[in-house]
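**Q** Generate coordinates for the sequence data below:
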Amino acid sequence: MTEREDKEHAEKIKKAFEIIQWPEIKSTDSWNIFKVMSEFVDGYDTLARIGPCVSIFGSARTPKENKYYKIAEEVAVRLSNAGYGVITGGGPGIMEAGNKGASETGGKSVGLNINLPFEQFPNTYIDYDKLINFKFFFVRKVMFMKYAQGFIVLPGGFGTLDELFEALTLVQTQKVGRFPIILIGHEFWAGLVDWIKTMLLATEHNINEEDLLLFKVVDTAEEAVDEIIDFYSRNAIAPNF
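**A** Got it, this is the predicted structure:
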C-alpha cells in the first residue's frame, strides 16, 4: 500500500468514526422504515403473482465454463419443465445460469438483485417484470424464504452460506414449514458436512441427529430436481409463512 493509499485509508476510518448526533440518527432511522416497507410491498406484490418457485443459490464469481454453472443451468431447465419458477439473487455466475436455464426454456425467471458497490449487477436472463432491486439484505432474504418451495444450493461464498444457514435455522426452529434444501456437489460440501457431524453434533452437541435430515447432498441436476418433485408428490405447496 502506497503512502497516498495509507492516507486515504486513514481518512475513511476517521470518517467512519465521526460522531453523529442522536437526533440525526433518529431521523435517518425513521425514513429507513419507509424504505424497508416499500421493498416488502414491492416484493410481495411481484412474487405473489408468480406461483410455485424454487430458489437457486451459488457464487456470483462462477465462470460460464465451470461445471457448476452448467449444472445450475440444467437445474433451472428441469425445474421449468416441471412447472416451477426459478428465483435467483439476480446477479452473475450461478445466479445467471439459473435465470438462463429458466428463460431459455420458457419458464418464469425471477431475479432478486441486491445493490452492491461491486460484483453484483442484474443478469440479462431475468424476466423484465420479475426483477426486483433491494437495498436491504434482510428484506431480500424474506422474499427468498416466503415464496420458494425449495432451496437448491450450489458452491458459493459467504452469501451462499448465509442463505443456506438462514433456511436451515428457520426450518429447524419451526418458524417455517419443512421444505427441501438440496446441496449440489459432494466434493465441495464434504468438509462442511463433516464438521457439522463431528463438531456441532458429536463433540459439542449443539444440534440433534435429526437436524442432519434437514438437508441432502447430491451431485447432479437430475437428483436435485427429483428431490423437489418427490417432496411435493407427498406434501401440499403453499407460501412458507
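
**Q** Ranking helices and strands of the chain by mean pLDDT, which lands last?
**A** Lowest on mean pLDDT, DSSP states H and E among the helices and strands of the chain sits helix 3-16, with a mean of 77.

**Q** Buried residues of that one, list them for me.
**A** Residues of helix 3-16 classed as buried by neighbour count (16 or more other Cβ atoms under 10 Å): none. Any C-beta I mention is one placed from the backbone N, CA and C, and that applies to glycine too.

**Q** now that helix, how far from the chain's geometric center?
**A** Put simply, helix 3-16 sits 34 Å off its chain's centre (Cα atoms, centre = their mean, to the nearest Å).

**Q** And the next helix or strand past it?
**A** Sequence order places helix 22-47 as the next helix or strand after helix 3-16, per DSSP states H and E.

**Q** how about the CA coordinates for the least confident helix or strand of the chain, as CSV?
**A** In CSV, the C-alpha atoms belonging to helix 3-16 read as follows (Å, rounded to 0.1, in the frame of the first residue of the first chain):
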residue,chain,number,x,y,z
GLU,A,3,1.7,6.4,1.3
ARG,A,4,-1.3,8.0,-0.6
GLU,A,5,-3.4,4.9,-0.2
ASP,A,6,-2.4,4.8,3.5
LYS,A,7,-3.6,8.3,4.0
GLU,A,8,-6.9,7.7,2.1
HIS,A,9,-7.5,4.6,4.2
ALA,A,10,-6.9,6.5,7.4
GLU,A,11,-9.3,9.2,6.3
LYS,A,12,-12.0,6.6,5.6
ILE,A,13,-11.6,5.1,9.1
LYS,A,14,-11.7,8.6,10.6
LYS,A,15,-14.8,9.5,8.7
ALA,A,16,-16.5,6.2,9.8
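
**Q** Assign the nearest residue to Pro180 once chain neighbours are set aside to helix, strand or coil.
**A** Computed as Cβ to Cβ, 6 or more residues apart in numbering, the closest residue to Pro180 that is not its neighbour in sequence is Gly150, at 4.1 Å. Reducing the assignment at Gly150 to three states with DSSP: H, G, I helix; E, B strand; the rest coil gives strand.

**Q** For the chain, which segments are assigned as strands?
**A** Counting by DSSP state E, one finds strands in the chain at the ranges 53-57, 85-88, 109-114, 131-134, 148-153, 181-184, 216-218.

**Q** For the protein, give me the ranges with low pLDDT.
**A** The model of the chain has pLDDT under 70 over residues 1, 16-28, 118-120, 239-241.

**Q** redo that, cut-off 80
**A** Low-confidence regions of the chain, defined by pLDDT under 80, span residues 1, 3, 6, 9-10, 12-30, 116-120, 236-241.

**Q** Enumerate every residue touching Thr46.
**A** By Cβ atoms under 8 Å, 6 or more residues apart in numbering, the contact set of Thr46 is Asp129, Lys130, Ile132.

**Q** I'd like those residues laid out as TSV, including distance to Arg61 and neighbour count.
**A** Output for the contacts of Thr46, formatted as TSV (distance: Cβ to Cβ, whole Å; neighbours: other Cβ atoms under 10 Å):
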residue	distance to Arg61	neighbour count
Asp129	28	11
Lys130	24	22
Ile132	22	22
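
**Q** is Val86 in a bridge, and if so with what?
**A** Legend: beta-bridge partners of Val86 under DSSP bridges are Val54, Ser109.

**Q** any idea how far it lies from Glu5?
**A** Plainly put, Val86 is 42 Å away from Glu5 if you go by Cβ to Cβ, to the nearest Å.

**Q** Go through the strands of the chain and pick out the most buried.
**A** strand 85-88 (a mean of 29; mean count of other Cβ atoms under 10 Å).

**Q** Now for the closest residue to Val217 other than its chain neighbours: which residues touch it?
**A** Spatially, and ignoring its direct neighbours in sequence, Val217 is nearest to Leu183 (4.6 Å; Cβ to Cβ, 6+ apart). Shown in contact with Leu183 (Cβ under 8 Å, 6+ apart): Val153, Leu164, Trp189, Phe215, Lys216, Val217, Val218.
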